[in-house]
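In: what would the 3D arrangement of this be:
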Amino acid sequence: MADFFRVQLGIVARSAGHSAAKRSAYQSCGRIVDHLGQVFDFGRKAQEHALPTLVLAPDDAPTWCADPDELWRRAAAAEKRVDAQEARIVDFSLPRQVPRHLWEAAARFVYEPFRERGMVVQVDIHDTPASDGGRNVNIHGLATLRRLSGDGFARKKERAWNEEFRERDGRAVRELVAERLTDFCRRHDLTYAADARPNRDRGLSAPEPTLPRWNWSFARRTGTPTAAVAGLHQHRRRRLAWADAVRELAQAVSASKALLLAEPTFAPAGGDGTSLAILASIRVAARRTIDDPSSPDDANGQPVPAPAYRPHRHRRE
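Out: Numbers count the residues shown, from 1 in each chain. Below you'll find the predicted structure:
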């Protein structure tokens with residue numbers, strides 16, 4: 001099975017109601033006051049914050065860059081438009097093969113190319129339980145859009161950075177993160193290889209949708225899942241059922257091959273020598289997918305995507 005790899009890229013834009021200060025507070029699971037005096041407090045998430053916040057800055061950066069509060073106040077103050085973009089998001093999931101004592105080193109190694117390009121990057125590591133009982137470690141990166149100039153930010157944004165992130169719809173940055181993550185694991189004798197290709201090119205099913213957090217908060221508070229959460233759970237059950245059917249089929253094929261070797265007189269069926277037992281196993285697996293459509297492929301053999309998120313009228317968190 002291919003190693004899990006996830007990168008999420010984004011822009012913090014005022015036009016969407018977001019701000020760099022709010023995102024910084026979310027990442028650090030703390031409290032920040034922005035340049036307009038607005039307070040953002042995510043202290044309730046403090047247990048998710050695994051290690052102290054890192055700020056990666058160019059070697060000649062002013063000392064205030066080390067303070068996320070001051071960094072993002074100045075970054076926001078440099079933007080004059082009401083619909084301005086204030087920062088860039090570069091998140092990725094850390095492989096479980098990486099032990100805790102290497103988490104910070106891995107984050108620094110992956111983000112080093114961005115720091116070398118002149119960006120200031122706030123880095124935070126979140127550690128939460130996964131649905132399978134393992135760890136779900138995510139590295140959150142918040143990067144500046146302007147170069148540093150003197151004791152502040154440059155008058156113009158660095159358009160060359162935009163070109164890099166837009167290249168092939170973000171594929172270039174995804175490939176960079178994959179290469180750095182794979183290289184880090186290789187240097188530390190960890191068995192992991194990131195693959196930045198789309199799921200379809202890797203022979204994998206479509207990724208699950210990322211549901212807004214209020215869906216989960218609503219479910220915890222009321223005990224009733226939203227339609228989006230219910231659809232996601234159903235999608236997961238079907239994929240598990242399909243995986244079980246494929247595993248049973250593989251076991252049946254293996255047993256049938258052993259039977260053919262032990263009993264040479266066992267009558268084959270079909271021109272390719274496929275045994276009756278193998279064909280029977282295929283029929284059983286096919287019947288299971290008809291009775292309970294758990295197959296991740298549609299009638300044309302194309303992967304069926306995860307259920308699309310549809311907004312609901314519940315209150316946002």
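
In: use CA for all of it now, contacts and neighbours both
Out: Will do.

In: show me which helix or strand of the protein is least confident by mean pLDDT.
Out: helix 276-291 (a mean of 56; mean pLDDT, DSSP states H and E).

In: and stretch 114-132, how far apart are its ends?
Out: 33 Å (CA to CA, to the nearest Å).

In: hmm, who's touching it?
Out: By CA atoms under 8 Å, 6 or more residues apart in numbering, the residues outside stretch 114-132 that reach it are 24, 27-28, 48-58, 65, 68, 103, 107, 111, 135-148.

In: one more pass at 6 Å, please.
Out: With CA atoms under 6 Å, 6 or more residues apart in numbering as the test, stretch 114-132 has contacts from 27, 48-50, 53-58, 135-144, 147.

In: which of those residues fall in helices?
Out: Applying DSSP state H to these, the entries found in helices are Gln27.

In: please pick the buried ones from the contacts of stretch 114-132.
Out: Those of these that meet the buried threshold are 27, 48-50, 53-58, 136-144, 147, by 16 or more other CA atoms under 10 Å.

In: which parts of the lengthiest helix in the chain are buried?
Out: In the chain, assigned by DSSP H, the helix with the most residues is helix 227-262. Neighbour counts over helix 227-262 (16+ other CA under 10 Å) mark 228-229, 231-232, 235, 238-239, 241-242, 245, 248-249, 252-253, 256-257, 260 as buried.

In: cool, and stretch 28-39?
Out: Ser28, Cys29, Gly30, Arg31, Ile32, Val33, Asp34, His35.

In: for the fourth one, which non-adjacent residue is spatially closest?
Out: So the one you mean is Arg31. Asp41 (4.1 Å; CA to CA, 6 or more residues apart in numbering).

In: can you get me a residue count around that neighbour?
Out: Neighbourhood size, Asp41 [other CA atoms under 10 Å]: 15.

In: what's the separation between Gly30 and Val98?
Out: For Gly30, the distance to Val98 equals 26 Å [CA to CA].

In: same thing with Arg74?
Out: In terms of CA to CA, Arg74 sits 35 Å off from Val98.

In: about what we covered before: could the buried residues of stretch 28-39 go into JSON lines alongside pLDDT, distance to Glu116 and secondary structure?
Out: Below are the buried residues of stretch 28-39 laid out as JSON lines (pLDDT from 0 to 100; distance: CA to CA, whole Å; DSSP: H, G, I helix; E, B strand; the rest coil):
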{"residue": "Ser28", "pLDDT": "96", "distance to Glu116": "23", "secondary structure": "helix"}
{"residue": "Cys29", "pLDDT": "96", "distance to Glu116": "27", "secondary structure": "coil"}
{"residue": "Gly30", "pLDDT": "95", "distance to Glu116": "28", "secondary structure": "coil"}
{"residue": "Arg31", "pLDDT": "95", "distance to Glu116": "29", "secondary structure": "strand"}
{"residue": "Ile32", "pLDDT": "93", "distance to Glu116": "27", "secondary structure": "strand"}
{"residue": "Val33", "pLDDT": "90", "distance to Glu116": "29", "secondary structure": "strand"}
{"residue": "Asp34", "pLDDT": "89", "distance to Glu116": "27", "secondary structure": "coil"}
{"residue": "His35", "pLDDT": "87", "distance to Glu116": "27", "secondary structure": "coil"}
